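> I need the structure of the sequence given here:
(chains A and B)
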Amino acid sequence: MFDFLFQPWPWYVAGLFIGLTVPTLLIVGGKNFGISSSLRHLCAACLPTKVPLFNYDWKKEAWNLFFVLGVFIGGIIAANFLSNGEPVQINPKTTQALQDLGVTDFSGLMPNDFFGTAQIFSLKGLLFLVVGGFLVGFGTRYADGCTSGHAIMGLSNLQWPSLVATISFMAGGFLMVNVILPQLLKLL
Amino acid sequence: MSTHTTPPPLWHNLKYTVIGILFGIVFVKAEIISWFRIQEMFRMQSFHMYGVIGTAVIVGMISVLLIKRFNVKTLDGSSIVFNPKVFTKGTIIGSLLFGLGWGITGACPGPLYAQIGAGYLAVIVTLLSAIFGTWTYGFFQSKLPH
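Below you'll find the predicted structure:
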């Protein structure tokens, strides 16, 4: 009866729940949905400096850190208690393309070839963890938002800068996945 | 409406943790935190991620429309304020850089936390690097084009 819980959930279920996060946060506490702000609050809380961007009372924005703590716990619960342990059913064309790029591990949500703890001190770790993470953190703050703050909250509120942001980060992703990453992986 | 006498205790924020837990479960169960799904999306080889984001935007849009139309209040009776998004050069440059990063990590900021929870401990490095990236932006903010 509860089989569906253990199967991967379809896009419309996920989209519905993620979309409902917008009014839930607004009604529960008047909060505008946005996750990249958590990185800023962590800076303000952990790396106190005179940098103006981090000079504010982060405790007033603590809800955002409580929220991402929940996302972390949700990850623990779903992976350990609601998983069927099957590989992600991606398009065979994607599988083929990734195999051509040297991916061998398709067993989990991410390939151990790049995201295993053994890669942390390798060149692959430098690219996939350090460089990738830096671009995400630097870019989202420079853009004043990420997929949640711009693409979901911003577009929901008909903010045209968010449409520009969404088009721009999709363009960046297309460029990286189709052009740059295949070249970089030939070097590693 | 109550005045700003005493700020509510920090633990009142635990309700956001509950919402976050549900959100994190959806992230994992719909494979949004999967690096493979993001590769597939940017290769235009699946509808899955477009369906997720498209549905979320439509549901969010209708919700915001209804909240504005019926002047819905928060649970404690306050008015709901929407933060406008301001356009700067950073909207384009920053987003492009973020997109390049997303294509590598397969994770925007939200999924990073869920990936770590799901047991991909190497992503702790990604998160620390993202925090450092945010800090670096703050450090150079006044020197960057806006």
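
> got the contact list for the residue nearest in space to the middle of chain B?
When Cα atoms, centre = their mean is applied to chain B, the residue found nearest the centroid is B:Gly110 (5.2 Å). Shown in contact with B:Gly110 (Cβ atoms under 8 Å, 6 or more residues apart in numbering or on different chains): A:35, A:68, A:71, A:146-148, B:23, B:27. Bear in mind the C-beta positions are built from the backbone N, C-alpha and C, glycine included.

> Just after the longest helix anywhere in chain B, pick out the following helix or strand.
The longest helix of chain B (DSSP state H) is helix B:48-69. Following helix B:48-69 in sequence order, the next helix or strand is helix B:89-105 (DSSP states H and E).

> Mind listing what's buried along that next one?
B:90-105 (16 or more other Cβ atoms under 10 Å in any protein chain shown).

> Which pLDDT value belongs to the residue nearest to the centre of chain B?
Reported pLDDT at B:Gly110 in the predicted model: 97.

> Same question for A:Leu127.
For A:Leu127, the predicted pLDDT is 97.

> Equivalent analysis for A:Leu69, please.
For A:Leu69, the model assigns a pLDDT of 98.

> Now do the same contact list for it.
Residues near A:Leu69 by Cβ under 8 Å, 6+ apart: B:17, B:20, B:113.

> Kindly recompute the last result at 7 Å.
Applying Cβ atoms under 7 Å, 6 or more residues apart in numbering or on different chains, we find A:Leu69 in contact with B:17, B:20.

> Which element, helix or strand, includes it?
helix A:62-81.

> Mind listing what's buried along that helix?
Residues of helix A:62-81 classed as buried: A:62-79 (neighbour count, 16+ other Cβ under 10 Å).

> Now residue 89. Nearest residue, chain neighbours left out?
Picked chain A for this. A:Pro8 (7.2 Å; Cβ to Cβ, 6 or more residues apart in numbering or on different chains).

> meant chain B actually
B:Pro145 (4.6 Å).

> Now the one you found, what are its backbone angles?
Main-chain dihedrals, B:Pro145, degrees, to the nearest 10: phi -70, psi 140.

> Tell me how many other residues crowd it.
Other residues near B:Pro145 come to 9 when the count uses other Cβ atoms under 10 Å in any protein chain shown.

> And for B:Lys68?
B:Lys68 has 12 nearby residues by other Cβ under 10 Å.

> Over to the one 10 residues further on?
Taking other Cβ under 10 Å as the criterion, the count of residues near B:Ser78 is 12.

> Surely it is in contact with A:Gly30?
Yes: taking contacts as Cβ atoms under 7 Å, B:Ser78 lies within contact range of A:Gly30: 5.6 Å.

> What distance do you get for the most centrally placed residue in chain A to A:Gly85?
Computing the C-alpha centroid of chain A and ranking residues by Cα atoms, centre = their mean puts A:Thr147 first, at 7.9 Å. Going from A:Thr147 to A:Gly85 by Cβ to Cβ, to the nearest Å gives 27 Å.

> count of residues packed around B:Ser79?
Using other Cβ under 10 Å, B:Ser79 has 10 other residues around it.

> I misspoke; the intended subject was A:Thr104.
Neighbourhood size, A:Thr104 [other Cβ under 10 Å]: 10.

> State the three-state secondary structure for it.
What DSSP: H, G, I helix; E, B strand; the rest coil gives for A:Thr104 is coil.

> Could you pull up the residues touching the closest residue to it other than its chain neighbours?
The shortest distance from A:Thr104 to any non-neighbouring residue, by Cβ to Cβ, 6+ apart, is to A:Asp113 (5.8 Å). Going by Cβ under 7 Å, 6+ apart, A:Asp113 touches A:102-105.

> Which among the residues you listed count as buried?
Counted by 16+ other Cβ under 10 Å, the contacts of A:Asp113 give A:Val103 as buried.

> Tell me the one of the contacts of A:Asp113 nearest chain B?
Comparing the contacts of A:Asp113 against chain B with Cβ to the nearest Cβ picks out A:Val103 as the nearest, at 8.7 Å.

> Could you chop chain B up by domain?
Listed by automatic domain parsing, the domain ranges of chain B are B:1-83, B:85-146.

> for those domains, which one ends up most surrounded?
Per residue and on average, the most neighbours among those fall to domain B:85-146, with a mean of 23 (mean count of other Cβ atoms under 10 Å in any protein chain shown).

> how about A:Phe66, what does it touch?
Residues near A:Phe66 by Cβ under 7 Å, 6+ apart: B:13-14, B:16-17.

> Kindly export whichever strand or helix holds A:Val164 (C-alpha atoms) in PDB.
Following DSSP H and E, one finds A:Val164 within helix A:160-175. Coordinates of each C-alpha in helix A:160-175 appear next as PDB, following Å, rounded to 0.1, in the frame of the first residue of the first chain:
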ATOM      1  CA  TRP A 160      11.500  40.000 -14.600                       C
ATOM      2  CA  PRO A 161      15.100  40.100 -13.300                       C
ATOM      3  CA  SER A 162      14.400  36.500 -12.100                       C
ATOM      4  CA  LEU A 163      13.500  35.500 -15.700                       C
ATOM      5  CA  VAL A 164      16.800  37.000 -16.900                       C
ATOM      6  CA  ALA A 165      18.600  35.100 -14.000                       C
ATOM      7  CA  THR A 166      16.900  31.800 -14.900                       C
ATOM      8  CA  ILE A 167      17.800  32.100 -18.600                       C
ATOM      9  CA  SER A 168      21.400  33.000 -17.700                       C
ATOM     10  CA  PHE A 169      22.000  30.100 -15.300                       C
ATOM     11  CA  MET A 170      20.400  27.600 -17.600                       C
ATOM     12  CA  ALA A 171      22.700  29.000 -20.400                       C
ATOM     13  CA  GLY A 172      25.700  28.500 -18.000                       C
ATOM     14  CA  GLY A 173      24.600  24.900 -17.300                       C
ATOM     15  CA  PHE A 174      24.100  24.100 -21.000                       C
ATOM     16  CA  LEU A 175      27.600  25.500 -21.800                       C
END
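
> All set now, cheers.
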